[in-house]
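*Asks:* the sequence and its predicted three-dimensional model are supplied below.
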Amino acid sequence: MLEPNAIIGDTVLALVCIGMANSIYQWKTRSPYFNYWIGFFALFGCSLLLGGAGHTLFNYWGVTGKYFSWFSSMISLYLLERAVISEDRNLRRKRWLTSLSKFKVMLLIMAEIIVISMADLSVNPHLGLLVPSIATATSLLIYCGFIAAQLARNVHPSFRYLLWALVSMLPTAVIQGWKISIHPLFDRNDKSHICLLLMLIFFWKSVKGYYAFRTSTYES
């Protein structure tokens with residue numbers, strides 16, 4: 001098996017995601033905002049789980065074992081974007097952000113299909129990560145950055161945790177770009193897992209804080 005610690009980290013993160021999705025589901029809210037978050041956590045958890053398996057079993061499954069995680073990660077990010085957009089009070093901006101989100105996910109999925117079809121991923125499988133990486137960067141910068149800042153100011157302060165989620169993922173670009181590994185048992189993937197865990201925690205704090213606000217508002 002290739003780097004078995006990768007599947008351990010991804011499995012732990014996947015379980016965290018599934019637990020968060022289940023917790024939100026237990027709230028029994030019909031709000032699109034929370035439903036989108038359920039979808040994000042559930043699908044992102046599946047993406048992490050199968051992504052870790054695809055990485056560890058690469059010598060058996062080949063690059064094909066990575067396809068699901070590549071596509072599902074982009075779709076999960078689309079659900080995150082829709083969650084943030086759903087609480088925007090600026091209706092005009094909400095409409096064009098929704099259109100942008102739909103266009104972006106379709107464009108990126110088509111781009112990934114082209115990469116898989118035309119590039120020799122058996123020689124350089126990292127090319128397959130290029131499009132999902134672009135999807136992650138644009139989603140976090142636009143929706144967890146710019147839009148979340150607007151919502152933290154105009155809707156509720158809990159959205160500021162989305163900004164912290166963005167900040168927590170910034171070291172990943174350096175870690176993966178420079179391939180920084182201190183020890184075989186704590187390589188660059190393990191460091192990225194810590195960043196991902198922090199991101200998920202900040203996501204959860206944002207969602208939980210907004211749920212508490214919505215609940216107290218409706219009960220008052």
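*Replies:* Thanks, I have the structure now.
*Asks:* name the residues of the lowest-mean-pLDDT helix or strand in the chain that come out as buried.
*Replies:* Across the helices and strands of the chain, mean pLDDT, DSSP states H and E gives its lowest value to helix 58-61, namely a mean of 78. Neighbour-count burial for helix 58-61 flags residue 58 (criterion: 16 or more other C-beta atoms under 10 Å). For every residue, glycine as well, the C-beta is placed using N, CA and C.
*Asks:* stretch 49-68 now?
*Replies:* For stretch 49-68, using 16+ other C-beta under 10 Å, the buried residues are 49-56, 58, 63, 65-68.
*Asks:* quick one: which of those residues sit in helices?
*Replies:* 49, 50, 51, 52, 53, 54, 55, 56, 58, 67, 68 (DSSP state H).
*Asks:* host element of the nearest residue to residue 18 once chain neighbours are set aside?
*Replies:* Excluding its sequence neighbours, the residue lying closest to residue 18 (C-beta to C-beta, 6 or more residues apart in numbering) is residue 45, at 4.6 Å. Residue 45 belongs to helix 32-56 when assigned by DSSP states H and E.
*Asks:* distance from the chain centre to that helix, please.
*Replies:* 8 Å (C-alpha atoms, centre = their mean, to the nearest Å).
*Asks:* just the helices in this structure please.
*Replies:* 4-26, 32-56, 58-61, 67-86, 91-118, 130-141, 148-154, 160-177, 188-219.
*Asks:* and the longest one, what does it pack onto?
*Replies:* Read that as helix 188-219. helix 4-26, helix 32-56, helix 160-177 (3 or more C-beta pairs under 8 Å, 6 or more residues apart in numbering; DSSP states H and E).
*Asks:* how about that helix: buried residues?
*Replies:* Buried, per 16+ other C-beta under 10 Å, within helix 188-219: 188-196, 198-211, 214.
*Asks:* and the residue nearest the centre of this protein?
*Replies:* By C-alpha atoms, centre = their mean, the mean C-alpha position of the chain lies nearest to residue 77, the distance being 5.1 Å.
*Asks:* any idea how far residue 93 is from that residue?
*Replies:* 19 Å (C-beta to C-beta, to the nearest Å).
*Asks:* then residue 152?
*Replies:* For residue 152, the distance to residue 93 - C-beta to C-beta - is 15 Å.
*Asks:* and those two? Which one has more around it.
*Replies:* residue 152 (17 against 13; other C-beta atoms under 10 Å).
*Asks:* tell me the contacts of the more buried one?
*Replies:* 158, 159, 160, 162, 163 (C-beta atoms under 8 Å, 6 or more residues apart in numbering).
*Asks:* for the residues you listed, which one is nearest residue 41?
*Replies:* residue 162 (14.2 Å; C-beta to C-beta).
*Asks:* I'd say the closest one and residue 203 touch.
*Replies:* Yes: look at residue 162 against residue 203 with C-beta atoms under 8 Å: they come within range, at 7.1 Å.
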